[in-house]
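Engineer: build the 3D model from these lines:
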Amino acid sequence: MKKYKASNLSDQYFWQENFDDYSRNQAVDYDNKIKKYPFNTYLYDTLLKNILKDTLPKTSLKILDAGGGTGKWTNYFLEQGHNVTILDISKSMLSIAKNNINSKYKSNVTFYNGSIVELPYKNNTFDLVFSDRNPISHCGNKALSHTAIKECFRVLKSDGYFIGSVLNKNRKVAQLIEEMEIDDAIKLYQTGDFTRSKNQITHYYTIDEIKNELKKNHIYDYKLIPTTVFSEFIKNAWLLDEIVLNDLLNLELMANNDPEITNYGVRIHIIAKKGDKNGI
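Structural biologist: Numbering: from 1, shown residues only. Predicted structure coming up:
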């Protein structure tokens, strides 16, 4: 029987969700930890790269990394030969992103400080709009979050792809109940909005709500994929050793392809194509 152990990393979450208020030091700390936590490097990144590999065409694309933070995925896209615009609400995060970009890709990347709720681009500009780590959920209440979805599809070219994640309401409600935060759980279940510190709001989605928003934006060609379904049932999953995470990865990959599991994901990734009513 295998024996698993946690890593020696600190027992605390590594992010503060009010990204627009990040100081330079907080942004540096976020960037360092997102790179070294085995949960990210061994599990989450592999799941997302698998989604990208199976979805994107092989040709060079014009990509918007919407809410791109410190540029982890911008770097990935640049290495694959794409041209990338990285947009983020935090000036500090963008400053770190600029330092993270390999100098040989500088001519292929553009940086912009702004919000995904009001994208400063014309209709039909990008081949791919990518929005990972849930900026669509974190940008505000239900109305603002829905506006962010609309904006992402507005700037996407016909036949272009959207790949992004939102947070799962039912999973969060279950977590709050487990933590005996019953009043918060009830409010979240009723509204989908969860108030964080400094009155910052995150909007959590049900599967039906995602489908309705896609339909409102005339998107019929899509797939919903749950990510980190089982691994985050483990307390302090962020601290897990790469050995156990590699084993969990196989289970998570199976869950990606099981529609019945979708409602268990901590987040739900949306893979959508803007165009005719065809299946991906």
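
Engineer: now the strands for the stretch 101-250 of the chain?
Structural biologist: Under the criterion DSSP state E, counting those that start in this stretch, strands of the stretch 101-250 of the chain are mapped to 109-113, 126-131, 156-168, 193-195, 201-205, 221-227.

Engineer: partner strands of the fifth one and their direction?
Structural biologist: The strands beside strand 201-205 in its sheet (DSSP bridges) come out as strand 156-168 (parallel), strand 193-195 (antiparallel).

Engineer: okay, angle between the first one and strand 126-131 too, please.
Structural biologist: Think strand 156-168. Counting by axes from the mean of the first three to the mean of the last three C-alpha atoms, to 10 degrees, strand 156-168 lies at 10 degrees to strand 126-131.

Engineer: any idea how far strand 156-168 is from the middle of the chain?
Structural biologist: 11 Å (C-alpha atoms, centre = their mean, to the nearest Å).

Engineer: same check on the shortest one?
Structural biologist: Computed by C-alpha atoms, centre = their mean, the separation of strand 193-195 from the middle of its chain amounts to 18 Å.

Engineer: in that strand, what counts as buried?
Structural biologist: Going by neighbour count (16 or more other C-beta atoms under 10 Å), the buried part of strand 193-195 is 193-194. Heads up, the C-betas are built off the backbone N, CA and C, glycines and all.

Engineer: so for it, mean pLDDT?
Structural biologist: Across strand 193-195, the average pLDDT comes to 93.

Engineer: and the longest one, by the same measure?
Structural biologist: Strand 156-168 shows an average pLDDT of 96 in the prediction.

Engineer: quick check: angle from it to strand 221-227?
Structural biologist: 30 degrees.

Engineer: thinking again about what came up before, closest to R267 out of the strands of the stretch 101-250 of the chain?
Structural biologist: For these, proximity to R267 was assessed by C-beta to C-beta; strand 156-168 is nearest, at 4.5 Å.

Engineer: report the buried residues of stretch 167-181.
Structural biologist: So stretch 167-181, judged by 16+ other C-beta under 10 Å, has buried residues 167-173, 175-176.

Engineer: for that stretch, output the C-alpha coordinates as PDB.
Structural biologist: Output in PDB follows, covering the C-alpha atoms of stretch 167-181 (Å, rounded to 0.1, in the frame of the first residue of the first chain):
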ATOM      1  CA  LEU A 167     -16.600  28.800  -9.800                       C
ATOM      2  CA  ASN A 168     -19.200  26.200  -8.900                       C
ATOM      3  CA  LYS A 169     -22.000  27.500  -6.600                       C
ATOM      4  CA  ASN A 170     -23.200  24.100  -5.300                       C
ATOM      5  CA  ARG A 171     -19.600  23.000  -4.500                       C
ATOM      6  CA  LYS A 172     -19.000  26.300  -2.500                       C
ATOM      7  CA  VAL A 173     -22.300  25.900  -0.700                       C
ATOM      8  CA  ALA A 174     -21.300  22.400   0.400                       C
ATOM      9  CA  GLN A 175     -18.000  23.800   1.600                       C
ATOM     10  CA  LEU A 176     -19.600  26.500   3.600                       C
ATOM     11  CA  ILE A 177     -21.900  24.000   5.300                       C
ATOM     12  CA  GLU A 178     -19.000  21.800   6.100                       C
ATOM     13  CA  GLU A 179     -17.400  24.800   7.800                       C
ATOM     14  CA  MET A 180     -20.700  25.500   9.600                       C
ATOM     15  CA  GLU A 181     -21.100  28.900   7.900                       C
END
